[in-house]
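Chemist: From the sequence below, what's the structure:
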Amino acid sequence: IVYVVIVLGLLAMTFIGGKSGAAEPDRKLRDISELTAGINALFILIFSTTFNSGLKNGGTFFKMSDVNFLFPSPLSKRSVLFYALVQQMWSSLLIGIFILFQYSALHINYNLSALGLILIFLTYSLVTFLSQTFAMFVYTYVSDSDKKRNIAKIIFYAVILLPISYAGLQVLQNKSAIIPALAKAGNGLPVLVFPFAGWLGGFTGGILKGEYLEAAVYLAVCAVAFFVMLTAMSRSKRDYYEDVIASAESIQSITGAAKDGVAPESAPRHIKVGRTGIGRGEGSSVLFFKHLLENRRLSKIMVSPMSIMFTLISIGFSLFIKDGGIFPVFAFSIYIMIFSVAVGRFNRELTKPYIYLIPEPPMKKMIYALAETFPTQLVESSLIFIPISVIMGIDFTLCIVCIVARVAFSAVFLSAGIAIERIWGGSLPKLAGVFLYFLVDILMVLPGAGLAYLVSLTGFQIISSDITAILCLTVSNILVSLLVLYLCRNVLQYAEVN
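Modeler: Now for the predicted structure:
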């Protein structure tokens, strides 16, 4: 109940802030086609990433309890399938709840009503649900053959390439007006014919623009495709039970490991070992080079698909707010980084004896064990702010400062996660852990914000006021992160703590 009250309170603050911002006399409304184009892009992005993950690993709605009790029961396959779909629908609604917190920005810039926001929330949840359903549907037909799976991937990538190519062509033809070109491309036919994501985007855009007949057509197409897919799955001679058992077992192992505080490795099927042995480092630094080697074997690219998605979202956000200065874009990139920064292999090291046996100070071991995150964040921050500096026309010095500051924020998020694990361990409910994580993040950033405010009152500047404020945040974040890590150093000093 406490968490529900907190969520409702935050939502109330968001709606009140949107109403007060809309009353400002200098408010300028943007074209609604920009919003609908962004919705279509978001839907396609979420659908593609979810479907691709399900195609690789086998999407499933079932848990091991379902496998053990429902599958042997005398219930029909169709009844079991519908039970899983209804159950998954509620999970999809929870995934899309973050949409509701965007009311202030959407209402101020596009005059979006509360009902319009609820519509976007519901359709986003539907996209998540349908992407998982479609991934399970395709996987049941291609799981028995690598050749079929490769053909499905080629078709999937070709379908994704169509709207991307169309958007790129529109931008090349209208270099002087990039945002209107992207808005036109985002509402174009190649985007709206994208399976499920494009159809639901067309339905949402039609409702928001008042084109109800067009919206009804897209909704009807989506509904027909969904029922055809369900009919094919329930009447197929292929038994989807066998296809989802392996996926259910994998999910069960992930859930069990997470309860123990250690996330399992999501390694690919075929790992190219390359050279053997760490070969570098001495003492605690061996942990850093060991993690780099393991990351290289795990993935060919340094940046994860999730990070690439967040990078594209940040760059897209800068296009729509290029006249608002660097701070809104910088704050947005920090906000989405909260969801991508993780302690990496540190928790996994805590379950092994080696990190405790290294005869060096716990603080030094902890820093080296966490250091694998910083090169990745440096690359990700560079991929974000170098294009943004070109789009917004900011100077090179400010770009470098933003990159360094974003890496410093990753240190804040890492140390906040370790502090929560150190104090509460794995005994917290998941929702409570999320709220505490945000709360600790805010408390750790407050000293930097206060320092930046005090420096601005003195009138002191280093090159510019923007650079001065971001440098204050950077220095404070680094010092606060080191202090928190130092206070939590006994995680490595006493193995019994873990």
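Chemist: mind listing the helices in the stretch 101-250 of the chain by residue range?
Modeler: For the stretch 101-250 of the chain, applying DSSP state H, counting those that start in this stretch gives helices covering 103-110, 114-142, 146-173, 178-186, 189-192, 197-209, 212-235, 240-259.
Chemist: Can I get the ones you listed in CSV including distance to residue 73, mean pLDDT and mean neighbour count?
Modeler: The way it works is simple: take the backbone N, C-alpha and C, and place the C-beta from them, glycine included. Formatted as CSV, the entries for the helices of the stretch 101-250 of the chain read as follows, by distance: least, CB to CB, whole Å; pLDDT from 0 to 100; neighbours: other CB atoms under 10 Å:
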stretch, distance to residue 73, mean pLDDT, mean neighbour count
helix 103-110, 44, 73, 20
helix 114-142, 20, 82, 21
helix 146-173, 30, 83, 14
helix 178-186, 46, 81, 20
helix 189-192, 42, 88, 18
helix 197-209, 34, 89, 24
helix 212-235, 16, 86, 15
helix 240-259, 11, 59, 15
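Chemist: closest one to residue 392 among these?
Modeler: When these are compared by CB to CB, helix 178-186 sits nearest residue 392, at 12.1 Å.
Chemist: coming back round to it: as TSV, the helices of the stretch 101-250 of the chain with distance to residue 380 would be great.
Modeler: Supplementary listing: those in TSV, determined by distance: least, CB to CB, whole Å:
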stretch	distance to residue 380
helix 103-110	23
helix 114-142	24
helix 146-173	21
helix 178-186	23
helix 189-192	27
helix 197-209	25
helix 212-235	34
helix 240-259	24
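Chemist: Of all those helices, which one comes closest to residue 406?
Modeler: Residue 406 lies closest to helix 103-110 among these, at 20.7 Å (CB to CB).
Chemist: Which elements pack onto that closest one?
Modeler: Counting contacts by 3 or more CB pairs under 8 Å, 6 or more residues apart in numbering; DSSP states H and E, helix 103-110 is packed against helix 2-22, helix 32-57, helix 114-142.
Chemist: Output it as CSV, restricted to C-alpha atoms.
Modeler: Taking C-alpha atoms only, helix 103-110 is exported to CSV below (Å, rounded to 0.1, in the frame of the first residue of the first chain):
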residue,chain,number,x,y,z
TYR,A,103,2.6,14.0,-18.7
SER,A,104,4.2,17.3,-17.8
ALA,A,105,6.4,17.5,-20.9
LEU,A,106,3.8,16.1,-23.3
HIS,A,107,1.0,18.4,-22.0
ILE,A,108,3.2,21.5,-22.1
ASN,A,109,4.7,20.9,-25.5
TYR,A,110,1.8,19.2,-27.4
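Chemist: what's the spacing between that helix and its chain's center?
Modeler: 22 Å (CA atoms, centre = their mean, to the nearest Å).
Chemist: got a list of what the spatially closest residue to residue 151 that is not a sequence neighbour touches?
Modeler: Closest residue to residue 151 in three dimensions, ignoring its sequence neighbours and counting by CB to CB, 6 or more residues apart in numbering: residue 142, at 7.5 Å. Listed by CB atoms under 8 Å, 6 or more residues apart in numbering, the contact partners of residue 142 are 55, 148, 149, 151, 152.
Chemist: Ok, residue 378 next?
Modeler: With contacts defined as CB under 8 Å, 6+ apart, residue 378 is in contact with 403, 407.
Chemist: Just the element for it, please.
Modeler: Assessed by DSSP states H and E, residue 378 sits inside helix 373-392.
Chemist: can you state the direction angle for the next helix or strand along the chain from that helix and helix 373-392?
Modeler: Elements were assigned by DSSP H and E; along the chain past helix 373-392, the next helix or strand is helix 396-424. Going by axes from the mean of the first three to the mean of the last three CA atoms, to 10 degrees, helix 396-424 is angled at 140 degrees with respect to helix 373-392.
Chemist: Can you point out the buried residues in helix 396-424?
Modeler: Within helix 396-424, the residues that qualify as buried are 398-399, 401-422, counting by 16 or more other CB atoms under 10 Å.
Chemist: Who are the packing partners of that helix?
Modeler: Judged by 3+ CB pairs under 8 Å, 6+ apart, the packing partners of helix 396-424 are helix 326-337, helix 362-370, helix 373-392, helix 430-458, helix 465-487, helix 490-493.
Chemist: Pick the most buried one from those.
Modeler: Neighbour counts averaged per stretch over the helices and strands packed on helix 396-424 are highest for helix 362-370, at a mean of 21; criterion: mean count of other CB atoms under 10 Å.
Chemist: and it, what does it pack onto?
Modeler: Using 3+ CB pairs under 8 Å, 6+ apart as the contact definition, the elements that helix 362-370 packs against are helix 285-298, helix 346-350, helix 396-424, helix 465-487, helix 490-493.
Chemist: what about 10 Å?
Modeler: Taking 3 or more CB pairs under 10 Å, 6 or more residues apart in numbering; DSSP states H and E as contact, the helices and strands that helix 362-370 lies on are helix 285-298, helix 346-350, helix 354-357, helix 396-424, helix 465-487, helix 490-493.
Chemist: Figure out how far the fourth one is from the centre of its chain.
Modeler: By that I understand helix 396-424. Using CA atoms, centre = their mean, the distance between the centre of helix 396-424 and that of its chain works out at 17 Å.
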